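Peer 1: pasting the structure only:
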């Protein structure tokens with residue numbers, strides 16, 4: 001007997017890049033494991049009569065399940081009253097009353113801090129939102145990581161928007177004033193890529209150089225924004241495809257009658273896409289700075305720690321100690337990280353270089369060594385990384 005398809009609503013605007021990836025994850029799960037009829041929000045066009053799909057518009061809808069973003073207490077109340085399973089994918093509110101599959105926001109903040117600290121920066125700052133849970137959690141991970149290293153951390157939170165419209169200049173005035181108070185060089189984490197672009201604009205007005213004076217990282221890896229910025233923007237990919245896939249899997253279990261999880265399902269962020277806005281090594285020690293510069297300029301060549309020692313006039317032990325002090329890793333580990341960062345860029349490129357060619361272009365002696373180092377630092381093989389990245393980029 002043929003099973004009747006379940007009707008599932010995904011109230012997510014596909015025009016938002018990371019949500020488009022999330023929808024792709026939902027769709028792929030449904031195609032592979034479930035019989036669903038999916039409905040989602042129509043595109044928003046000037047003069048169009050379509051109403052965006054939301055939990056509020058689904059009251060009385062005779063469907064089977066919903067995947068949605070709950071961003072207000074009213075939406076949380078409505079979602080809990082629908083009478084059908086609902087999975088939330090937003091972290092705007094601390095509690096929503098329905099099961100959630102969301103990024104590990106603390107891990108996102110920690111990842112950004114580690115990236116900036118790895119550039120030798122000890123003065124760091126966070127630009128977020130007031131009264132937004134995910135912003136608070138990202139700052140928590142960011143600040144805790146910095147505190148553990150003895151670094152400095154400054155905070156600026158954008159006031160919650162009011163209903164009254166304000167000009168762009170008025171909305172960014174506080175940001176510019178805050179940036180003026182920061183002692184450079186400084187590393188800034190912006191809570192979103194869009195806000196990171198605002199930081200770049202503010203730095204341009206203040207005649208601060210990115211990344212030399214202000215190294216900057218955002219969140220979402222919105223490729224249009226990140227590549228549009230000048231310099232291009234480093235960003236953390238939260239893994240939209242994976243979140244969508246797991247949200248669909250959870251909804252499927254709930255519709256089958258399984259009990260909801262007791263806690264939010266936290267998804268590990270995908271990783272950092274390194275671009276020009278953090279391409280800096282800000283250390284006060286000339287030996288470490290010279291060695292780090294050599295690594296970044298010769299990452300496509302096969303060399304080791306001995307070649308770095310030729311760039312400085314100190315003992316190996318002193319050299320190792322200085323790297324640990326300023327970059328929190330050994331010289332060998334710094335070389336490995338630089339090679340893997342370059343490999344990630346090549347694996348994500350559309351021209352699909354062969355793995356052997358990528359290994360050579362990143363200074364690895366052979367593909368076996370490349371796979372071992374890449375797996376150790378990322379938890380994935382180069383082939384798996386390419387497959388996952390291209391799955392996310394092909395929606």
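Peer 2: Everything's here; your move. Given the structure is predicted, the values throughout are model-derived calculations rather than measurements.
Peer 1: what ranges do the helices span in the stretch 1-150 of the chain?
Peer 2: 17-33, 73-81, 105-117, 133-149 (DSSP state H, counting those that start in this stretch).
Peer 1: for the last one, packing partners?
Peer 2: Using 3 or more CB pairs under 8 Å, 6 or more residues apart in numbering; DSSP states H and E, the elements in contact with helix 133-149 are helix 105-117, strand 123-129, strand 152-158. Every residue, glycine included, has its C-beta placed from N, CA and C.
Peer 1: Domain boundaries for this protein, per the record?
Peer 2: Segmentation of the chain into domains, based on automatic domain parsing, reads 6-102+240-269, 105-238+272-278, 286-393.
Peer 1: Could you pull up the contacting residues of residue 232?
Peer 2: Applying CB atoms under 8 Å, 6 or more residues apart in numbering, we find residue 232 in contact with 226, 275-277.
Peer 1: Quick check: closest non-adjacent residue to it.
Peer 2: residue 275 (4.0 Å; CB to CB, 6 or more residues apart in numbering).
Peer 1: By average pLDDT, which secondary structure element in this protein comes out worst?
Peer 2: Every helix and strand of the chain was ranked by mean pLDDT, DSSP states H and E. The lowest is helix 382-393, at a mean of 72.
Peer 1: Show the low-confidence segments of the stretch 51-200 of the chain, by residue range.
Peer 2: Scanning the stretch 51-200 of the chain for pLDDT under 70 picks out the ranges 51-52, 160-171.
Peer 1: Which helix or strand contains the most centrally placed residue in the chain?
Peer 2: Central residue of the chain (CA atoms, centre = their mean): residue 236, 2.3 Å from the mean position. Secondary structure from DSSP states H and E places residue 236 in strand 234-237.
Peer 1: And that strand, what does it pack against?
Peer 2: Taking 3+ CB pairs under 8 Å, 6+ apart as the contact cut, strand 234-237 packs with helix 105-117, strand 214-219, strand 271-273.
Peer 1: Go ahead and name everything in contact with it.
Peer 2: So strand 234-237 is contacted by 108, 111-112, 115, 193, 196, 216-222, 226, 269-278, 392 (CB under 8 Å, 6+ apart).
Peer 1: which strands and helices sit next to the helix or strand just after that strand?
Peer 2: Downstream of strand 234-237, the next assigned helix or strand under DSSP H and E is helix 240-255. Helix 240-255 is packed against helix 17-33, strand 65-68, strand 86-88, strand 101-103, strand 265-267, helix 382-393, with contacts defined by 3+ CB pairs under 8 Å, 6+ apart.
Peer 1: Would you convert these into CSV that also reports distance to residue 126 and mean neighbour count?
Peer 2: Output for the helices and strands packed on helix 240-255, formatted as CSV (distance: least, CB to CB, whole Å; neighbours: other CB atoms under 10 Å):
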stretch, distance to residue 126, mean neighbour count
helix 17-33, 20, 20
strand 65-68, 28, 24
strand 86-88, 25, 27
strand 101-103, 17, 24
strand 265-267, 20, 17
helix 382-393, 26, 18
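Peer 1: between those, which one is nearest to residue 297?
Peer 2: helix 382-393 (23.2 Å; CB to CB).
Peer 1: okay but residue 78 is in contact with residue 56, surely?
Peer 2: Yes - contact criterion CB atoms under 8 Å: residue 78 and residue 56 qualify, at 5.6 Å.
Peer 1: More neighbours: which of these two?
Peer 2: Counted by other CB atoms under 10 Å, residue 78 and residue 56 do not tie: residue 78 has more neighbours, with 19 against 14.
Peer 1: That one: what's its closest spatial neighbour, skipping adjacent residues?
Peer 2: Of all residues not flanking residue 78 in the chain, residue 55 sits nearest, at 4.9 Å (CB to CB, 6+ apart).
Peer 1: Among the contacts of residue 232, which one sits closest to residue 184?
Peer 2: residue 277 (14.4 Å).
Peer 1: mind listing what the closest one touches?
Peer 2: 196, 200, 210-211, 215-217, 229, 231-234.
Peer 1: can you put the helices and strands packed on helix 240-255 in CSV and add distance to residue 175?
Peer 2: Below are the helices and strands packed on helix 240-255 laid out as CSV (distance: least, CB to CB, whole Å):
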stretch, distance to residue 175
helix 17-33, 23
strand 65-68, 31
strand 86-88, 30
strand 101-103, 24
strand 265-267, 30
helix 382-393, 30
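Peer 1: which one of these lies closest to residue 304?
Peer 2: From the helices and strands packed on helix 240-255, taking CB to CB, the stretch that ends up closest is helix 382-393, at 21.0 Å.
Peer 1: Among the contacts of residue 277, the buried ones, what's the ChimeraX command?
Peer 2: Here is the ChimeraX command that selects only those of these that count as buried (16 or more other CB atoms under 10 Å):
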select :196,200,210,211,215,216,217,229,232,233,234
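Peer 1: CSV for the helices and strands packed on strand 234-237, including distance to residue 8?
Peer 2: Formatted as CSV, the helices and strands packed on strand 234-237 follow (distance: least, CB to CB, whole Å):
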stretch, distance to residue 8
helix 105-117, 26
strand 214-219, 28
strand 271-273, 29
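Peer 1: most packed of those?
Peer 2: Stretch with highest mean neighbour count among the helices and strands packed on strand 234-237: strand 214-219 (a mean of 27; mean count of other CB atoms under 10 Å).
Peer 1: Can you pull out the residues in contact with that one?
Peer 2: With CB under 8 Å, 6+ apart as the test, strand 214-219 has contacts from 108, 112, 115-116, 119, 121, 138, 179, 182, 184-197, 199-200, 203, 208, 210, 225-226, 233-236, 238, 272, 277-278, 280, 282.
Peer 1: Now the buried members of the residues you listed.
Peer 2: With burial judged by 16+ other CB under 10 Å, the buried subset of the contacts of strand 214-219 is 108, 112, 115-116, 119, 121, 138, 179, 182, 185-193, 195-197, 199-200, 203, 208, 210, 225-226, 233-236, 238, 272, 277-278, 280, 282.
Peer 1: Mind checking which of the residues you listed are in strands?
Peer 2: 186-190, 234-236, 272 (DSSP state E).
Peer 1: nearest to residue 74, of those residues?
Peer 2: Distances from residue 74 to those, taken as CB to CB, are shortest for residue 190 (28.5 Å).
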